[in-house]
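**Q** sequence? don't have it. structure:
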Ligand code: NAD
């Protein structure tokens, strides 16, 4: 399964939703035209001498969708299916995500076409350093601040921070977030996206009068976001009946032993669920996981997982989008007609960028906050943002996704209008 099929273009989804939200807000074409074009779109070649002595050239991107509300902000994806339109869409989603939770950032994203699972640590480090050097004219604490995404992690962010600092001749911790704690990473950042997902799940359940004990959950993806979501929901008393990774899914209607699964996956970066053993589990496919008869489904892997081909087979009552773009626009319409409630990515997975913002604030002020402080500030922002999205969706009788975009697009358009079009 790839992140994008040739027929699916996530950037088309972005353009469509901008038009939908703008129409409801009463904005004209000119008001939102700027939002349809990324400010900068850089393509780079990353030559690397591999361990076997050959030279390979990897293709990479860094897109800044908007810097109207602040520096661009967004992760770097290491995945074989990365492409320019995907990075453009991910960058735009970052603009809207930062606007929904009202943090002073625009949106950016990066990606390198590679498969980290086939690379040695030295090869991964060399790709990271050379890519960072290639995009270094665009990034910086005041310009554009990368962070981890699919296939990257705090170690990779440490290498990016070091490379940028070496090029500048002094230590620049604020150039990336999601770094190791030792070099200025924020306490709580590693779990922040999953923690935000957990807060979001609890918020939507409260609105729908659903009880934790009656809400078994299936989670697609057991990486940073899915793995932490599973762990925290399990700790909150949820029965997690299915989880998956790129190797497939495991299912137990009585609930999985999430601490054991998490420990197994953490033991080695080569560990996959296909090698995990637990009494009572059934092995199913990622596709089957999405179609399980569970009230709550959390796609936490890649985009376009729920699309026009499988949307009518989805049985969940609530979908919380922990991944970016897991429900395609056409699927949204089908799910809406079936009464399925989708909590959109730009709200549900915003916990990561919120704590990245906290990390950046601490870096540029040379201060440090405790983990309970970070988690409490995160909860406050996630709860308030959820409430605002819920209320505007009810007022306008629209989906939570459209509600979130009404808030986001209004904030970006107002900022654009306050600044004017230069010159
Ligand atoms: P990750 O690399 O840590 O984990 C990705 C997970 O998805 C792994 O379990 C992997 O095996 C699985 N996976 C990969 N390909 C798959 C496939 N074809 N089918 C099923 N599963 C597959 O990545 P992550 O950081 O957890 O990111 C997951 C999603 O969350 C992405 O959409 C990312 O953009 C989004 N996101 C991440 C963050 C963050 O802080 N890391 C923040 C917001 C949103």
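**A** Received, thanks. The structure presented is a predicted model; accordingly, all values stated were derived computationally and were not measured. Numbers count the residues shown, from 1 in each chain.
**Q** buried ones in the lengthiest strand in the chain, by neighbour count?
**A** Longest strand in the chain, counting residues (DSSP state E): strand 55-66. Within strand 55-66, the residues scored as buried using 16 or more other Cβ atoms under 10 Å are 58, 60, 61, 62, 63, 64, 65, 66. Backbone N, C-alpha and C define where each C-beta goes, glycine included.
**Q** anything in it near the ligand?
**A** No - if you take Cβ under 6 Å from any ligand atom as the test, strand 55-66 misses the ligand, and the best it gets is 13.8 Å.
**Q** just list whatever residues bridge to residue 110.
**A** Assessed by DSSP bridges, residue 110 has beta-bridge partners residue 62, residue 76.
**Q** right, and residue 70 touches residue 104 too?
**A** Yes - Residue 70 is in contact with residue 104 according to Cβ atoms under 8 Å; the separation is 3.9 Å.
**Q** after the longest helix that the chain contains, which helix or strand is next?
**A** Longest helix of the chain, by residue count under DSSP state H: helix 371-396. Sequence order places helix 400-419 as the next helix or strand after helix 371-396, per DSSP states H and E.
**Q** just how off-centre is that next one within its chain?
**A** 19 Å (Cα atoms, centre = their mean, to the nearest Å).
**Q** could you do stretch 371-378 as well?
**A** Distance of stretch 371-378 from the chain centroid (Cα atoms, centre = their mean) equals 20 Å.
**Q** flag every buried residue along it.
**A** Neighbour-count burial for stretch 371-378 flags 374, 375, 377, 378 (criterion: 16+ other Cβ under 10 Å).
**Q** that older thread, quick one: the longest helix of the chain near the ligand?
**A** No - against the ligand, helix 371-396 shows no contacts by Cβ under 6 Å from any ligand atom, the least distance being 12.3 Å.
**Q** angle of that helix against helix 400-419?
**A** Orientation check (axes from the mean of the first three to the mean of the last three Cα atoms, to 10 degrees): helix 371-396 against helix 400-419 gives 100 degrees.
**Q** which strands and helices lie in contact with helix 371-396?
**A** Contact partners of helix 371-396 among helices and strands, from 3 or more Cβ pairs under 8 Å, 6 or more residues apart in numbering; DSSP states H and E: helix 189-208, helix 345-348, helix 351-365, helix 400-419.
**Q** where does pLDDT dip in this protein?
**A** Along the chain, segments meeting pLDDT under 70 span 1-6.
**Q** what about the residue of the stretch 201-350 of the chain found nearest the ligand, distance to residue 301?
**A** Of all residues in the stretch 201-350 of the chain, residue 223 sits closest to the ligand, at 1.7 Å by Cβ to the nearest ligand atom. For residue 223, the distance to residue 301 equals 7 Å [Cβ to Cβ, to the nearest Å].
**Q** which residues do the two both contact?
**A** Common contacts of residue 223 and residue 301, defined by Cβ atoms under 8 Å, 6 or more residues apart in numbering, comprise 150, 245.
**Q** more crowded one of those two?
**A** Using other Cβ atoms under 10 Å, the more surrounded residue of residue 223 and residue 301 is residue 301, with 23 against 20.
**Q** do I have it right that the more buried one meets residue 324?
**A** No - the criterion here is Cβ under 8 Å, and residue 301 misses it with residue 324 at 10.1 Å.
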